[in-house]
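Novice: Got a predicted model here, sequence first, then my questions.
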Amino acid sequence: MRYLFSILLVPLVFAIFPVKLSADEGMWLPVLISERIDDMKAKGFRLDAEDIYSINQASLKDAVVLFNGGCTGELISNQGLLLTNHHCGYGAIQCHSSVEHDYLKDGFWAMSLDEELPNDGLWVSFLIRMEDVTDAVLQGYDSSMDEARRDSLVRANSAAIEARAMAEGPSYQASVESMYYGNQYFLFVYQKFDDVRLVGAPPSSVGKFGGDTDNWMWPRHTGDFSIFRIYADKDNNPAAYSEDNVPYRPKKFFKISTAGVNEGDFTFVYGFPGSTQEYVHSDAIGYIEEMNPKKIALRDGRLEIMKKYMSADQDVRIRYSSKQANVANAWKKWQGELKGLIKLETRSVKKESEKAFTEWALSGGHDEYAGVIEELSRLYAQVRPYSYAMDYYVESLNGVDAFRFAMNVGRYIGLNGTEGLADYAEAFFKDYYYPIDEEIFIFTADRFMEDVPDEFKPEYLKEEFTRLGSTAAVADSVFAVSIFTDREKTLALAALDSAKAMEAVASDPLYRLADSFYAEYAALSGPAMEINRRIALMNRTYMRGQMEFDSEKAFYPDANLTLRVSYGEVAGFEPSDGIEYLPVSTLEGIIEKDNPDIFDYDIPQKLRDLYAAKDYGRWETEGTVPVCFLATNHTSGGNSGSPVINADGNLVGVNFDRVWEGTMSDLDFDPELCRNISLDIRYVLFIIDKYAGARNLMDEIVFAD
Ligand code: ARG
Ligand code: GLU
């Protein structure tokens, strides 16, 4: 009976529900979403293209912001309330924290508007519109031009287009971005808001639960969210911080769905992925495989040094928490990425398809592509020593805080004189700790001397090493005596007149070292730039060729921190043989991991109490509270904080991470292994409601169901 029943039911079910989906590769441009909307609807979406992106009516894009130039955020009330990740608000939360008011440790909740905390330098921007401007950008171009001339033409035309767009409205910003390696150009017009205040953040034991151990991993239980509010002037226009500013009234905000998600449900992530390279030549992958281990090893060393001092002193822990988290984040990602590339055999798979591509090109009619693969190989080999030296420098000495600071102060005085320098210095020294930085200097200088060929070492560095004999001795006579490793000395510098200050800077040994790198690497960048130009030209041709070669495939441009739509479904995966991951985690897992003896797993007592009393309120689901979920949306760094939207356009989650086994998706997306990790909105609400008791926020948020 059951058998018969299911046979009869099968065709019906298929007619109503779309066929089982595979993971969905692609980060689509919102303005072109009508090309994808049928597929989205087939997978369960119930809104139209105009609901996602429109210039005629308020659409979902009006509820999404680029948050501080590196994350995404979404509006969740008609009073400018904004949701993003804890790790995106981290810098701001840390900035307001001290040993006495440790908002990182204890969390922060403004119970009324006047308790909200302003943040110097924090901004968000809304996308007003985007448009294809390829023809205008290439106006005046003819194919006899070399790359350098094409570059300057593109730059000049883009600047004119941007200037026109910026004049269209208050605080408008505009940028022309290249897509498909310069085969297409799009204009993005934004409106930027500078008064963004901190409203709420859970303690790090919730917002960063699991720390670097759980980062990039599933099963995950991190309550990675924080809440801000955008303020505007009385006319609802952007304005610098002022007491007179009022909450911004957005064109659109997300309603929250408390219905939750189940395996197979449609999900849609709307945000700003930063950078992917899905179409590169196999040798570019080879370079990443060569470089990742070196960069990882350099960060191993830096992290160990930070950890030693941070675990010994609470004040140092606060000061270095944000820096440490940044260093650790990419460090772990690169490890996963490397494993993924090896597992997928990305390089050899690409080599195979490059062979097929060349055969196709040679087979007639596609002559312009015939030599592209080989030429790219040649160029990548040529540029390799330069890239190696630059990348090595970035991950070594450039990771020394005082080294960068010395350079920056030199530039600062060059531009502004010493006015304001004292504040600039105070901001730097607030989060500075000499013993860490000195040790990092010694470690990275050592590695640099050892691993980088002589021709890429600045003369001044070589001379100092020859003269003094060891890195420790260089540290003593460069680092220890520098103005820039000492707050008092820097403040004294700031009190001088500009000419005297500049003189002092120019004779400072650390400044001289930093400057020698700067000069040397600027000189190096000449030949490197020339090769990179030719690589850019070849990549443009290769990209066009790939699109012709595989004309059936729907292409999407690589991520470049412009607004994108990714869609997929809630789904678990098999990270390796014999393991299957479920797509949903719950409060039970937090309690399982809870351990007062381990800093990253020591949850607040209040959370333990709520659990013991099963005091979950309306956030109770099947006897517990859902915390995170996995889905198949194609995301990248920058998608942190992105709204995760259900079939009806309501908010069900906040994107914050990817699974470690899938981090190669920036280079090679594998539907079986690549998953994004989102925070279930019901956990966010549980924390706001039951943990923080922030009634003001609960009253402000609008529920869809
Ligand atoms: N992996 C996430 C991202 O790439 C979260 C990083 C913040 N958390 C941390 N433990 N460092 O940004
Ligand atoms: N946590 C990342 C971010 O800050 C998102 C994770 C990813 O790279 O996908 O953007």
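Specialist: Ah, there it is. Ligands and ions are numbered 1, 2, ... in the order given.
Novice: With adjacent residues omitted, what lies nearest to the closest residue to ligand 1 within the stretch 101-250 of the chain?
Specialist: In the stretch 101-250 of the chain, the residue that lies nearest ligand 1 is N215 (3.8 Å; C-beta to the nearest ligand atom). (C-beta placed from N, C-alpha, C; glycine too.) The shortest distance from N215 to any non-neighbouring residue, by C-beta to C-beta, 6 or more residues apart in numbering, is to K332 (5.8 Å).
Novice: hang on, the one you found packs against W660?
Specialist: Yes. Shown here, K332 and W660 form a contact pair, counting by C-beta atoms under 8 Å, at 7.4 Å.
Novice: any residues in contact with both of these two?
Specialist: A shared contact of K332 and W660, defined by C-beta atoms under 8 Å, 6 or more residues apart in numbering, is any residue touching both; here these are W216.
Novice: give me the element A156 is part of.
Specialist: Here A156, judged by DSSP states H and E, is contained in helix 147-166.
Novice: Let me know the next secondary structure element after that helix.
Specialist: With DSSP H and E setting the assignment, the helix or strand that follows helix 147-166 is strand 172-179.
Novice: Against which helices or strands is that following strand packed?
Specialist: helix 147-166, strand 184-193 (3 or more C-beta pairs under 8 Å, 6 or more residues apart in numbering; DSSP states H and E).
Novice: The same query, at a cut-off of 10 Å, please.
Specialist: Contacting strand 172-179 under the criterion 3 or more C-beta pairs under 10 Å, 6 or more residues apart in numbering; DSSP states H and E are the following elements: strand 124-132, helix 134-137, helix 147-166, strand 184-193, helix 509-549.
Novice: Dihedrals phi and psi, the residue lying closest to N329 once chain neighbours are set aside?
Specialist: Distance criterion C-beta to C-beta, 6+ apart; nearest residue to N329, sequence neighbours excluded, is N215 at 6.5 Å. Main-chain torsions, N215, degrees, to the nearest 10: phi -50, psi 140.
Novice: Just the pLDDT for N215.
Specialist: The confidence metric pLDDT takes the value 98 at N215.
Novice: Count the residues that sit near it.
Specialist: The number of residues packed around N215, counting by other C-beta atoms under 10 Å, is 22.
Novice: Show me which residues of the stretch 51-200 of the chain are close to ligand 2?
Specialist: Among all residues of the stretch 51-200 of the chain, those adjacent to ligand 2 (criterion: C-beta under 6 Å from any ligand atom) are C71.
Novice: Looking at the stretch 51-200 of the chain, which residue is nearest ligand 1?
Specialist: When scored by C-beta to the nearest ligand atom, the stretch 51-200 of the chain has H87 as its residue closest to ligand 1, at 3.6 Å.
Novice: same question, the stretch 501-650 of the chain
Specialist: Taking C-beta to the nearest ligand atom as the measure, the point where the stretch 501-650 of the chain comes nearest ligand 1 is S640, at 4.9 Å.
Novice: Endpoints of stretch 221-237, how far apart?
Specialist: 38 Å (C-alpha to C-alpha, to the nearest Å).
Novice: wait, does it make contact with ligand 2?
Specialist: No. Stretch 221-237 is not in contact with ligand 2 by C-beta under 6 Å from any ligand atom; minimum separation 8.2 Å.
Novice: what's the average pLDDT for that stretch?
Specialist: Looking at stretch 221-237 alone, the average pLDDT works out to 98.
Novice: Counting neighbours, which bits of it end up buried?
Specialist: By neighbour count with 16 or more other C-beta atoms under 10 Å, stretch 221-237 contains the buried residues 221-233.
Novice: Likewise for stretch 359-368?
Specialist: Residues of stretch 359-368 classed as buried under the neighbour-count rule (16+ other C-beta under 10 Å) are 360-361, 366.
Novice: can you put the residues you listed in TSV and add distance to V481?
Specialist: TSV is the format used below for the buried residues of stretch 359-368 (distance: C-beta to C-beta, whole Å):
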residue	distance to V481
W360	63
A361	60
H366	63
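Novice: before we move on, the earlier item: tell me which of the helices and strands packed on strand 172-179 lies nearest to D283.
Specialist: Nearest of the helices and strands packed on strand 172-179 to D283, taken as C-beta to C-beta: helix 509-549 at 10.3 Å.
Novice: Which elements pack onto the helix or strand following the closest one?
Specialist: Moving toward the C-terminus from helix 509-549, the next helix or strand (DSSP H and E) is strand 564-569. Based on contacts counted as 3+ C-beta pairs under 10 Å, 6+ apart, the elements that strand 564-569 packs against are helix 37-42, strand 266-271, strand 626-631, strand 643-645.
Novice: Let me know whether F266 touches N646 as I believe.
Specialist: Yes. Here F266 lies in contact with N646, judged by C-beta atoms under 10 Å, at a distance of 6.7 Å.
Novice: Which neighbours do the two have in common?
Specialist: In the contact map built from C-beta atoms under 10 Å, 6 or more residues apart in numbering, the residues linked to both F266 and N646 are 44-46, 570.
Novice: Closest one of the residues you listed to ligand 2?
Specialist: Ranking these by separation from ligand 2, with C-beta to the nearest ligand atom as the measure, puts V570 on top at 16.7 Å.
Novice: so who does the closest one touch?
Specialist: V570 is in contact with 260-267, 583-584, 629-633, 644, 646, 652-653, 675, 678, counting by C-beta under 10 Å, 6+ apart.
Novice: Then L468?
Specialist: With contacts defined as C-beta under 10 Å, 6+ apart, L468 is in contact with 474-478.
Novice: hang on, the earlier thing: name only those of the shared contacts of F266 and N646 that count as buried.
Specialist: With neighbours counted using 16+ other C-beta under 10 Å, these contain these buried positions: 44-45, 570.
Novice: And stretch 660-675, what's buried?
Specialist: By 16+ other C-beta under 10 Å, the buried positions in stretch 660-675 come out as 660-671, 673-675.
Novice: Having no further points to raise, I will conclude here.
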